[in-house]
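Student: Make a model of this:
(one chain, ligands or ions: 1)
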Amino acid sequence: MRRLNNKNIIIGITGSISAYKAPDIIRRMQEEGADVKVVLTEGGREFITELTLQTISKNQVHSNIWDKEAELSMGHISLAKWADIILIAPASANTISNLADGKANDLLSTIILASQAHKYIAPSMNVKMFESSQVQRNLLKLESLGFHLISPDNGSQACGDVGAGRLAETSEIIDQISNTTIKSKFNDRNVLVTLGSTREYIDPVRYLSNRSSGKMGGAIVDELLLLGANVTVVAGHKDIDINSKAIEIKTNTADEMYEEVIKNIKGKDIFISTAAVVDFKVREFSQEKIKKKSNSMTIEFIKNTDILNEVSTQYKDILSIGFAAETNEHEKHALEKLENKGCDAIILNDVSDSEIGFESDENAVTIYGKKFKEKIEKNSKKIVGREILKIIEKNLL
Ligand code: PMT
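Tutor: Now for the predicted structure:
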């Protein structure tokens, strides 16, 4: 099994003598299935050439924050979004200090600030520098900010000193970044995710729907893929592109979404229902556009099939997770849904708050299981998606 299959990895190479080891790290990541792009700092350029890195990585090397052509398309932001994993190897004391201070004074630090990828830092420097209280304090700070530290090796150093500070072995670096994937209980699981809104047509030009953009579902899909899951998406209407590594099935109405879920649910281990399925459809669809004949009109609606409830009750061996979009008495309604829909957990979000829930880039949720309740504070949907999966993994897998 290739442990980094389909992963997009940025390697940040900074000013340290062990930059000469970077081509080997790049090659090993590629052998494990990753697409690797290099971001080289000014210091890094003193130790290794762009040409070497471009030849090995088979991608353009990025080094200049002021590159006018790249920045025409917001180069630093697209790189930040592209990456699933950012590895800084070797990480110099200067880069570590910059990152701990949240500086954005070169391309690498800017990308790191803008990216929500999993971040790994592999320091390499003289033993005395590494042991200095400043570097240790900065590393602790980075760990508290979510960076994974790949500790340096002990041994004799290029400068003649002996001790901790040598860049970790390539195999150790690969093992640690692969752990994101292979240690996850989502690795190799088959997951079906619904997302977006359905449309319930009244006549050929009018429909009932809601404001779901698919962003929350899309964030969960991205994170599942990063953790090594095989993901099928049954999508309604949405404002986002689905990660191309997932299988995408497009649907329009709640009936179509239900049909596609049932067609594709066999063999799945997990069902995550983020879609905002419209609860009702018209009893009688008008084949012709309805004319304005009077000042009021009555349309009769009937209930759509509850897809989450069907999956939870018909496929008991599949772990099923729902969302609850609530505007009032949030906890009460969420707990009722957990019970009535028969799912294993329900994720409550407040859709009356315009800063979270529908359409926004952020969310804040509480997850209710039969035996647990966990809150995720307001954050980007990407981070909330990551935290949701951690909670599911801890409590339900
Ligand atoms: O897409 P975004 O703009 O990012 O917004 C995210 C979101 C607010 C849509 C999402 O976080 C969310 O809350 N999704 C569920 C929306 C919803 O329909 O909630 P509900 O409380 O009405 O339904 C409860 C659960 O039953 C949901 O998991 C829903 O997918 C499911 N359901 C509902 C009705 C139905 N007929 N079939 C279903 O499967």
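Student: chain center to the strand or helix carrying residue 178: distance?
Tutor: Using DSSP states H and E, residue 178 sits in helix 170-182. Distance, stretch centre to chain centre, for helix 170-182: 18 Å (Cα atoms, centre = their mean, to the nearest Å).
Student: what's it packed up against?
Tutor: Packing partners of helix 170-182 (3 or more Cβ pairs under 8 Å, 6 or more residues apart in numbering; DSSP states H and E): helix 22-31, strand 85-91, strand 118-123. To be clear about C-beta, it is placed using only N, CA and C from the backbone, and glycine gets the same treatment.
Student: And the average pLDDT for the last one is what?
Tutor: Along strand 118-123, the predicted confidence averages to a pLDDT of 96.
Student: helix or strand right after it?
Tutor: Going down the chain from strand 118-123, the next helix or strand is helix 127-131, by DSSP H and E.
Student: Could you list the buried residues of the following helix or strand past that next one?
Tutor: Next along the chain after helix 127-131, taking DSSP H and E as the criterion, comes helix 133-144. For helix 133-144, the neighbour count (16 or more other Cβ atoms under 10 Å) marks 135, 138-139, 141-142 as buried.
Student: Can you classify residue 10 by secondary structure?
Tutor: Put simply, residue 10 is strand when judged by DSSP: H, G, I helix; E, B strand; the rest coil.
Student: show me what contacts it?
Tutor: Residues counted as contacts of residue 10 (Cβ atoms under 8 Å, 6 or more residues apart in numbering) are 36-39, 79, 82-83, 85-87, 111, 115, 117.
Student: okay, the residues you listed in a markdown table with neighbour count and distance to residue 259 next?
Tutor: Shown next, in a markdown table, are the contacts of residue 10 (neighbours: other Cβ atoms under 10 Å; distance: Cβ to Cβ, whole Å):
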| residue | neighbour count | distance to residue 259 |
| --- | --- | --- |
| 36 | 23 | 41 |
| 37 | 21 | 40 |
| 38 | 25 | 46 |
| 39 | 27 | 45 |
| 79 | 23 | 40 |
| 82 | 15 | 35 |
| 83 | 25 | 36 |
| 85 | 24 | 37 |
| 86 | 26 | 41 |
| 87 | 29 | 43 |
| 111 | 26 | 42 |
| 115 | 21 | 38 |
| 117 | 23 | 36 |
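Student: residues contacting residue 2?
Tutor: Here residue 2 is in contact with 31-33 (Cβ under 8 Å, 6+ apart).
Student: now residue 195
Tutor: Taking Cβ under 8 Å, 6+ apart, we find residue 195 in contact with 212, 214, 216-218, 221, 233-236, 238, 274-275.
Student: make it 7 Å
Tutor: Contacts for residue 195 (Cβ atoms under 7 Å, 6 or more residues apart in numbering) come out as 214, 217-218, 233, 235, 238, 274-275.
Student: Distance of it relative to residue 385?
Tutor: Relative to residue 385, residue 195 is positioned 11 Å away (Cβ to Cβ, to the nearest Å).
Student: Same check on residue 23?
Tutor: If you go by Cβ to Cβ, the gap between residue 23 and residue 385 works out to 34 Å.
Student: Kind regards, and thank you for your time.
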